[in-house]
Every structure is written in structure tokens, then in C-alpha cells.
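Colleague: just coords:
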RNA sequence: GCAGGGGUUGUCGAGCCUGGCCAAAGACGCAGGACUUAGAAUCCUGUCCCAUAGGGGUUCGGGGGUUCAAAUCCCCCCCCCUGCACCA
């Protein structure tokens, strides 16, 4: 039999839409039996794919489940189109970029003639919105479509404007400057995907320590600053000399620092820096005037004064100094930096001096090392000269790591003595900056960061940038509080969110280009795309009214949102100003009050450190505690046959294709059960085919029992195996219920497969109660309905039921049918069968008669005692049993029995004789011979029997 | 480097929190058998190694420890994945 899943799904999708069964409105505010679940909406620069399918199917299934649990479920979807990628895509299509056209034609399955029309952002937004909607509908998503929107809708933008006005009012928006990756030739910040090379480079913060020196200018000796850039500012206490590259080009410059947004300058003195460093300073908020150019060697032999301890140290030459890194000067800490140690030793040798321990200044105590860790490791690794770069890198990394984690500053570090390095570092940086002897200089962690245009990127400090002040400590406290109160699946996320909140810095929230909302208080800027999507779940609640009644953007003034979200203001007046009828304003307010807060937010892993964290921050900033989000669910990624998804290179697997090729139910079942929630799911097409087979089997099973009535099953009339099946059914309901509640959809899948095994066993045991089987089919159609709604509806109709199964009540597990001893009995029987089979095989006997013996009664009594003392150990149990005279005469046999029973597991005593008698025919059938239960004791076998393991003799 | 997750038997993947019924669920794959004109489907059986009576041996990244008992608890190490932002 083949089932046309696509045809079935189309039939039901049409009916659902016709009857609007998934539209939902706010109910009684006094009885908020609601469930509000959302997923992070998709960014529409392509079609929806397998990754979306997974992330959205999870809440979709749970939404359907909760609907069947009688909740008023708000579940819908918006589309994200803000930012630059859609702009970029439009440009590429306009340019007829071959790679892009190919990818969108082949992978996104867009016909070429359609594709060529998508040469402007508006067309792209429209096209992909339509495609996304079509894909969702084909997969049977149960959205309330009236609430759908895109982030480029004028009405939505009004909502975002309100958000930013209120954030600013609360002091969470400020202006400042920040470092960005920048291309000097494109004169623009460079995004990740615009990089040719250096995607992994990060921004690192060097601390520039301003050593004081003297330089001759126009015949006069002038005070100057020779800045040392370092990543280990804590080692400044151990500086014994400075390094300069003798062949390097250096500049004597006057430095002015920008001190405010207006560009006011503050004179910072005469500096000597490498030519490259001068350029960096220019890009990073300083004005640099060149006085004179010199070569590094001119500085060799001069001295500088360490600003932290006023120690005067000489400048020596070193070839390892790279003038393009830092300032072109390096402070030398030979006690703790292998490079410095080796270079200093080399230099001393060149002037016929020997480097002695007294020449070094140790500043970090480190266990397993002496006073001079750098010296030790250099000697241990036998590093001969500063040319042995690889070894030196290794030594440096090792020392750095160990010192950072285990080192403690010593008495040379004056007031920082006794503080572990990892703690001291931050404090020292702060102090250096505050005292004006340190400044920050940004660098890339890798030398080559190349823009798509071929130029080398620089770090540029952008001025006048708008920030959201996520670094705000008070704000963070609120966010932490929210996290403490929330639920997370998996639970480990809680810790991760706490970490992320701690680590949050201010975020630039506006850009010069891209789709989206303009900052209401500075219209030159467009709100950055991650920042306009942090509280849009609230918009879902009111979007219905806006869409249905065609409310215009100009009507959505900030005061209106204040009224809806805060109950602030006068409704009469608002209604007059906005020209929105009072009732509609009230309805918006009620929708919000009814559905908020959000019960669950679902997303894939990638949004943890940005979107999901921002969502928490923005909610706690803008809404009272009762409206903070209640839970977050995060799922793993999707791969296809082991390969990562890629919108440009494939594989991609559009959602629509899944619906068309396999049918939505197959796709939904597979994607929600193929991996545990937090794990990555690997789509294998062969397995998807198998899912199809299994769903067909289920449908077939349903058809077999379609003509039976499940009414009036009398429990008392049921056979043991019937009762067992009923027990299994109710246990499955119970487990499915728990699984749905905790988003463990894979478990529902496993239960479904178990159903087949149960049915197999039921039939093998001679079970054939049609009414009962019909009940099983009906119940399972409901259990599966959230996952395979179309098939379930089809079966529901087949069973002659009125209405939609999607709106039915989820089955309720009834404890009175759950009886674990039934299960134990069947397990006992199965293991008995298996034991017989094994003996037959190993002994290579074709038995004529099978003798089965259950254990002697006293053994069951022992088992009972074990059951009563489950918490006791073997040692404790023996004396308890031996207290009884009856057992004492069995002596050592008791001890052996206890050990054996512990091995099998302590289970309740069941009537094994009865079970065997009951299934005698089955055993005889399976082995084709006579079975004798507890008959004549052949070969003294009977005494081998223990509870749950019969003695067997084959003849 | 920091943070989070992970390493299980042919594959995928449970189990680990709450130690013992764990040679370790389930699915898939593979093999044998039944049914069938044949195939598909279905059903039965097997799938770490050894074994002519239900047994024994070696396994859960590596090493060490706790315990009568460890895939499960503790310590150390190795390896893999993800994030570290202004980008969706």
C-alpha cells in the first residue's frame, strides 16, 4: 500500500484554512488558560530550509499539543528582513553575479525568470515572504496568520520606534565611539562575509604603557614618550630593558587625543612610535603630527623610565620586534618572557657580557618553577637563539598560560603583591588607564585581515555611534534575575545565559545602511537588525488588530503603545488623536494582557549569545516583571547527510521540497524525532523514507480496525494480554504527555516505534480484541496528531468522527489501567522463551518435550523480603533473612539465591505458574513440541529454578 | 585563551543527574529463516569474542581513584563541536 501523504495534507490544509481553526483571540482575563509560544523568526534572504524546519517544527508540535490540552494557544510567525544582507543580495542579482544566480536558482529552487526580477530589496522581501508563507502552509503549520508581519512594515517600525524612545528615556541608549574592522579603501566597516582572509581574527586590546624618555629635537633635549604595547601589562614591574627594531622606521610625533564627541583634542605629548603605529593611532581617535623620522638604531643605548616604578632601563636592539605590531617598542621582561630572555642573552653575548640571574627582575611566583620561569623553560627546551621562533612561541604560550592561571604577583609588584595574575591583570589595566600612564590600542589577532577588495583592513574607532548600554550593571542584575526565574531546556542554558549576561558589553545599535527602522531621535541612523527584534513577541499580540483593521503607521503613536503595554494615558484622548476606535485600543490592550508573558521562546543554538540574550535584556528594561519571558528552548543544528547547510553552497533542502517530496507529516515526524533536542540532527534521506513506511503501517493498522466500534470495552472481560496492551497504551499516553511537556519529541517517536513492537507481541500472544485495537489506533492517532496532523485527521475521518482531531482533547492516562505486574509477567514469559531458544541452539537439540519448573515457594518468600528491604545491601540482607528458622536450613543456598536475585533485579513476586499455564500453547506452538509445567522433576533440574528464571529441561 | 556542549557497541543514537535487572533501548544497516510465482511489505531470529544446557570473557575517548559493585560518582589528560559580537 502506498499512501499519498501530499494529497491527504492538501485536503486538510484547505479545510483548516476554510474553518479558520487556528485563529485565536484573547479569552477571559480572569481565567488565563493560555499558552504563548514563539520561535525566532527567519531572516528572509533565501527560502526556508531544513534548519528552519527543525527549529519551527518543535514549537509547532508543542503548540498543537497544548491546543489539545485545552489551552488557548498563540502561535504565529513574523519575517525578519532588516539589515544589509537583503540589500547585498539585491545588488548581486542586479549585477547578475553568476555565483549568486546559480545558488538561488539551483539551491533555493527559484526559476531564473523570477530570480532576475529580484534586483531590489522590496521585491526580495515580497518574494521570500510569499515563499515562506507557502512553505509553512504546505508543512501544515498551525499559525494564526492574521498576526504575520515583516520587520520592514511601517506599522512594525512604529513599534520599534516606541521601543527605542523608551529605552533612551530609561538611559539605556547612549552615544560613543567603538573600534570596528574597517577597510580604508572602501571607506566602510567590513562585515564577516566581506572578508577575503582573516575571518577568525578577533580584536585584541593592547595596553600601551607610556615609558618616559628624552629625545633631541632642534638641538634641545625634549621630554618624550616611548610607548610599549603589551598584552601582559602586569609584567611591567619586571621590565629590565626595552626593545627596538634597529632597522625599523620610527616617527617622532606630536599626539593629540580626542576627548569628546565634538572632536575636542587634548595634547598628549611627543611620542616616538613606528610608522605603522602612527597610522593606527590616527585611526583610533588620535591626531598625529609628524615631526621627524628616525631609524630604530638611533635609539639603541638610550634609556627610558618605567612609569610604574621610575626605574631607568636601557633600550636594546632586537630583530624579533615587528614594527607593524603594537607601537614598535616592546618592554622586556626576561624573567617571565622567553623571547625577552633569549634576545637579552643574545644581545649580551654580542657585547661580551653574560646574562646573570641578578639581571632579571622576577615578579610572578609560579609553582613547579623557580624564580625565573622564562630562563628555566628556555634552558629546558634548549632554545639557542631568538631565531628559533617555533620553540619560542611554544615556550611563551606555555609560560603565559601557567602564569596566568597559577601565578601570583610577588613583592616586586608593590601594592599588587600576593594577588593571582588572573585577578591582578584587570585591576592593573584599570589603574594604568586611570593614572594616565596607559592607553588602549586595538589590533587584530591575526596579521592578515583582507577585505574583499583586496586591501588590508584596519581597526578604526568610529565616532558618534549609538549604543545600547548592555554593560550597565543594574540592567545586568535585572537580566540575571529574569534568568533565575525562567525555565530552560536544556537546563544547562541557565548557566550559559548568566555567563553571557556578565560578558555583555555595550552594543552598537545603529548603522548607516540596511533595511529597518530609523532611530526616532537621530534619523540618519537605521536601527541595527538584531536590535529591532528583541520584543516583537509583544507585537504578535496586537498585530492582529493592526492587520485586520488596517490601522495605519501614522496612527501608531508612542502614547498608544504606552497605553497598550503600560496602561498609561487617557483612552478617550488617544482614540481622538489616533482615530482608532476605543474598542480596538481596548482589544489590543486585552490581547497583550491576556497572552503576555511569553511562555516559551524557541531557537537554534546560534542565537544564544545575541538574540536570546538581547530579548531578556530588553524585556527586563521595558516591561514589569510579570511580563518577563518564562522559558527558552534551544535546539541543535541540522546537517544533511553529514554536511553543514549553506545558503550559497548547499546542501540546503528547502522546506517546500520536503513537503512535496515526502509529505509534510513525514517531514515533521522525521525532523522532530531524528535527534534529541539539544543535539545536532543529521538528515538522512533513507531514514526519512523509513519514517514514511512506518507512518504507512500505522495508517494501514488504522484501516484494519476502521469498521469496529471501540465502545463498551469491559475491563473484566479482557484477557491478560488485552490488559497488558491497555496497560501499555496508558503508559504510552503518560510518557507522551511528559515528553511533549518537556519538548522531548524524540521520545514520542520512540514510543511510536514501541507501539509496533507491542502490537507484534500482542498478536504473537494470541491477542485479537478488535475493539481494543481500535481504541489503540484512535488513541495513537491523537497522540501523534501534534506531529502528524494530516494523517491523524484522515484517520479521524476514517473512524467516522465529527470535527477536527486537531481540536480534540489529548488522551488522558488512567492509572487504573496501569499495572506494572502485567509488564513483568510478559517480560518473564519473553525471557523464558529466549532461554529455551538459547538452549535449543547451543545444545543443538530438537526437543520432543520441554519441562519447565518454577522455583520452590521459599525462594519467592526470600524475594518478598528483598522487596521489603530495597535500600539494604547484600551484607545487611543475609542476617535479616537468616533470622527466620525456615530459611536457615537452606544454608549457603540462601546466600547464592540472594546474589542471583540481586543480579536479575529485585522485582515484585508474580504468579509465574499461572503465566506459564496461560501461555503453554504459545510455547508449544513456537517450539513445535509438548510443554510440561512443573511436572516430573527430570535430572533434578527443578532446584535450579529461582524467581523470574524457570528451570528448563529439554528432552 | 575564556565560556558552553560532546566523545557509548557497523551507523545514528538512548543510558550518565538518581551507581547494581547494562553486552548496554530504539531506529537504520547487514545476515539467516518464514510467507510469496517473484519482488516489495510483513513476521521470526541473529548482529563484540568464545561456548554441544540458559555459561564465560573483553567493552562505553585515555589514565587514576571511590565502592562489595561504575558507561554512570571524583581527579587528571587527550580529542571534537559551538560562541567570543555589532553580523544575520
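Modeller: On my side now, so go ahead. Quick caveat, the model's predicted, so the values are computed rather than measured.
Colleague: In contact with the closest residue to residue A:806 other than its chain neighbours, which residues?
Modeller: Counting by C-beta to C-beta, 6 or more residues apart in numbering, residue A:789 is the residue found nearest to residue A:806 once chain neighbours are left out, at 5.6 Å. For glycine as for every other residue, the C-beta is placed from the backbone atoms N, C-alpha and C. Contacts here follow C-beta atoms under 8 Å, 6 or more residues apart in numbering; on that basis residue A:789 touches A:12, A:64, A:140, A:142, A:665, A:805, A:806.
Colleague: just those now: which is nearest RNA strand B?
Modeller: Distance to RNA strand B, by C-beta to the nearest atom of the strand, is smallest for residue A:665 among the contacts of residue A:789, at 16.3 Å.
Colleague: so where do the helices sit in the stretch 501-650 of chain A?
Modeller: Along the stretch 501-650 of chain A, counting by DSSP state H, counting those that start in this stretch, helices occupy A:536-548, A:558-566, A:571-578, A:582-595, A:613-622.
Colleague: Nearest to RNA strand B, out of those?
Modeller: RNA strand B lies closest to helix A:613-622 among these, at 7.9 Å (C-beta to the nearest atom of the strand).
Colleague: Figure out how far that closest one is from the centre of its chain.
Modeller: Taking the mean of its C-alpha atoms, helix A:613-622 sits 18 Å from the chain's own mean (C-alpha atoms, centre = their mean, to the nearest Å).
Colleague: is it possible to export the helices of the stretch 501-650 of chain A to TSV including mean pLDDT?
Modeller: Formatted as TSV, those follow (pLDDT from 0 to 100):
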stretch	mean pLDDT
helix A:536-548	97
helix A:558-566	97
helix A:571-578	96
helix A:582-595	97
helix A:613-622	96
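Colleague: any chance of these in TSV, plus distance to residue A:827?
Modeller: Formatted as TSV, the helices of the stretch 501-650 of chain A follow (distance: least, C-beta to C-beta, whole Å):
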stretch	distance to residue A:827
helix A:536-548	48
helix A:558-566	57
helix A:571-578	67
helix A:582-595	47
helix A:613-622	48
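Colleague: do you know which of these lies nearest residue A:467?
Modeller: helix A:613-622 (12.8 Å; C-beta to C-beta).
Colleague: which regions of the stretch 251-400 of chain A lie under the pLDDT threshold?
Modeller: Along the stretch 251-400 of chain A, segments meeting pLDDT under 70 span A:261.
Colleague: Could you check which residue of it lies nearest RNA strand B?
Modeller: For the stretch 251-400 of chain A, C-beta to the nearest atom of the strand, closest residue to RNA strand B: residue A:397, 7.6 Å.
Colleague: Quick check: the gap between that residue and residue A:385.
Modeller: Counting by C-beta to C-beta, to the nearest Å, the separation of residue A:397 from residue A:385 is 19 Å.
Colleague: Kindly report the same for residue A:123.
Modeller: From residue A:123 across to residue A:385, the span is 64 Å (C-beta to C-beta).
Colleague: what does residue A:815 give?
Modeller: As judged by C-beta to C-beta, residue A:815 and residue A:385 stand 80 Å apart.
Colleague: Of these two, which one has the most company?
Modeller: Each of residue A:815 and residue A:385 has its neighbours counted (other C-beta atoms under 10 Å); residue A:385 has more, 11 against 8.
Colleague: Next up, the contacts around that one.
Modeller: A:342, A:346.
Colleague: cool, residue A:556 as well?
Modeller: By C-beta under 8 Å, 6+ apart, residue A:556 lies in contact with A:155, A:158, A:159, A:162, A:546, A:578.
Colleague: Pull the most distant pair out of those residues.
Modeller: Longest distance between any two of these is 13.9 Å, between A:159 and A:578; criterion C-beta to C-beta.
Colleague: Low-confidence regions, the stretch 101-250 of chain A specifically.
Modeller: For the stretch 101-250 of chain A (pLDDT under 70), the answer is A:193, A:200.
Colleague: who are the neighbours in contact with residue A:538?
Modeller: Per C-beta under 8 Å, 6+ apart, neighbours of residue A:538: A:159, A:565, A:592, A:596, A:623.
Colleague: Quickly name whichever of those residues is closest to residue A:521.
Modeller: residue A:159 (16.0 Å).
Colleague: quick one, what contacts the closest one?
Modeller: By C-beta under 8 Å, 6+ apart, the residues touching residue A:159 are A:536, A:538, A:539, A:556, A:561.
Colleague: right, and the pair among these with maximum separation?
Modeller: Among the contacts of residue A:159, A:536 and A:556 lie farthest apart (C-beta to C-beta), at 14.1 Å.
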